[in-house]
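**Student:** build me a model from this:
(one chain, ligands or ions: 1)
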Amino acid sequence: RAATGPLPAHPRVDELVEQAYRWAMPDTSGAVADYIPALADADPELFGLCVVEVDGASHAVGDVDVAFSIQSISKAFVYALVCEELGHAGVLERIGVDNTGLAFNSVMAIELNDGHPRNPMVNAGAIATTAMVPAADPDARWAAVRTGLSRFAGRDLALDDEVYASEAATNQRNRAIARLLESYGRLEDPLEAVDVYTRQCSLLVTTRDVAVMGATLADGGVNPVTGERVVSPDVCRDTLAVLASTGMYERSGTWLFEIGLPGKSGVAGGVVAVAPGKAGIGAFSPRLDAAGNSVRAQEAIGYLSRALGLNLFASA
Ligand code: GLN
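**Tutor:** Below you'll find the predicted structure:
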């Protein structure tokens, strides 16, 4: 199928979501993230897949209501919130939009660029982006992040205290990244920024939530379930462009080549993909590839992209 035209009728999409799920299920390659101790306990067999269309219709299969920490998927939505507040040019001046070609927590990527975070989807850029959320103090900044992400999801998202405590105790590398940004004069209060960022990554979501969040970006910034406008269409466009080039870290080119959609992964095993004007896709399964992207989520979303004709580069 080509990327033009609407999605097939509801029962057909249901059927294809089931097929995508069955297609990806046998792939047990990859490994659960364990550099954050609390994540190592995840059940590797969990697998959920959900499509939410821009009219709010949803298609779900598997463990779609199991909660997991959002991790780096949050970066996409915090970036959108900051772009909404500060505007395209103001954000671009401080955070780039180019792929680093390096791991999400690379320090080299910062050094190669005079401390200018190369994009908001790797940790350096994400920590700097979180620090840009307008707020009077850290508590207010955290509240703004949590409220903003909740509006994308259409419900109040809660913190996973255990994941937060576990990552806060072991995130020396992120603190080092923030200190390095500080040394280049690009971050004022590095430890505060890392703390809000760590909380943001520890918010609990379900696969269904992730699909609704993606559908909000697919729908020009209006949450199709609550009807609330969260960000502007311009901000959606800009955020999706950044996701296309950087959302899957150093594997972003491979992902775009195979799947042809903007997407963002998190190390708990969640992935969001966005078919602009059509639907958001949420997928979750904890086993990750070497770049930190869920293996089954990639398989399932790839299947759906082909079966539903979602690849943005397909003209026929
Ligand atoms: N909180 C994680 C970290 O900063 C997020 C990384 C990810 O999901 N890739 O290491």
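**Student:** from here on, just use CA atoms for contacts and neighbour counts.
**Tutor:** Will do.
**Student:** D156 and the ligand, how far apart?
**Tutor:** The spacing between D156 and the ligand, counted by Cα to the nearest ligand atom, to the nearest Å, is 20 Å.
**Student:** tell me where the protein has helices.
**Tutor:** 10-24, 73-86, 88-94, 108-111, 123-131, 138-153, 161-170, 172-183, 190-201, 207-218, 233-246, 252-259, 295-308 (DSSP state H).
**Student:** out of the ones you listed, which is closest to V272?
**Tutor:** Between V272 and these, the shortest separation by Cα to Cα is 6.0 Å, and it involves helix 207-218.
**Student:** for G62, which non-adjacent residue is closest in space?
**Tutor:** Nearest in space to G62, with sequence neighbours left out and distances taken as Cα to Cα, 6 or more residues apart in numbering, is G48 at 4.5 Å.
**Student:** which ones are touching the one you found?
**Tutor:** The neighbours of G48, taking Cα atoms under 8 Å, 6 or more residues apart in numbering as the test, are 21, 60-64, 207, 282-285.
**Student:** so what sits opposite it in the bridge?
**Tutor:** Applying DSSP bridges to G48 yields these beta-bridge partners: G62, F284.
**Student:** name the spans of the stretch 151-300 of the chain whose pLDDT lies under the cut-off.
**Tutor:** Judged against pLDDT under 70, the stretch 151-300 of the chain has no low-scoring part.
**Student:** just the terminal-to-terminal distance for stretch 212-232.
**Tutor:** For stretch 212-232, the separation between the terminal residues is 16 Å (Cα to Cα, to the nearest Å).
**Student:** name the residues that touch that stretch?
**Tutor:** By Cα under 8 Å, 6+ apart, the residues outside stretch 212-232 that reach it are 52-56, 80-81, 84, 148, 151-154, 233-237, 240, 272-282.
**Student:** mind doing that once more with 7 Å?
**Tutor:** Outside of stretch 212-232, the residues within contact range by Cα atoms under 7 Å, 6 or more residues apart in numbering are 52-56, 81, 84, 151-154, 233, 236, 272-281.
**Student:** equivalent analysis for stretch 145-160, please.
**Tutor:** The contact list for stretch 145-160, computed with Cα under 7 Å, 6+ apart, reads 69, 77-78, 81, 199-200, 202-205, 209-210, 212-213, 216, 223, 225-226, 230.
**Student:** can you lay out the contacts of G48 as a markdown table showing distance to P6 and neighbour count?
**Tutor:** Formatted as a markdown table, these follow (distance: Cα to Cα, whole Å; neighbours: other Cα atoms under 10 Å):
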| residue | distance to P6 | neighbour count |
| --- | --- | --- |
| Y21 | 22 | 26 |
| A60 | 19 | 23 |
| V61 | 21 | 21 |
| G62 | 25 | 17 |
| D63 | 27 | 19 |
| V64 | 24 | 22 |
| T207 | 23 | 31 |
| G282 | 19 | 33 |
| A283 | 21 | 33 |
| F284 | 25 | 33 |
| S285 | 28 | 30 |
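**Student:** having no further points to raise, I will conclude here.
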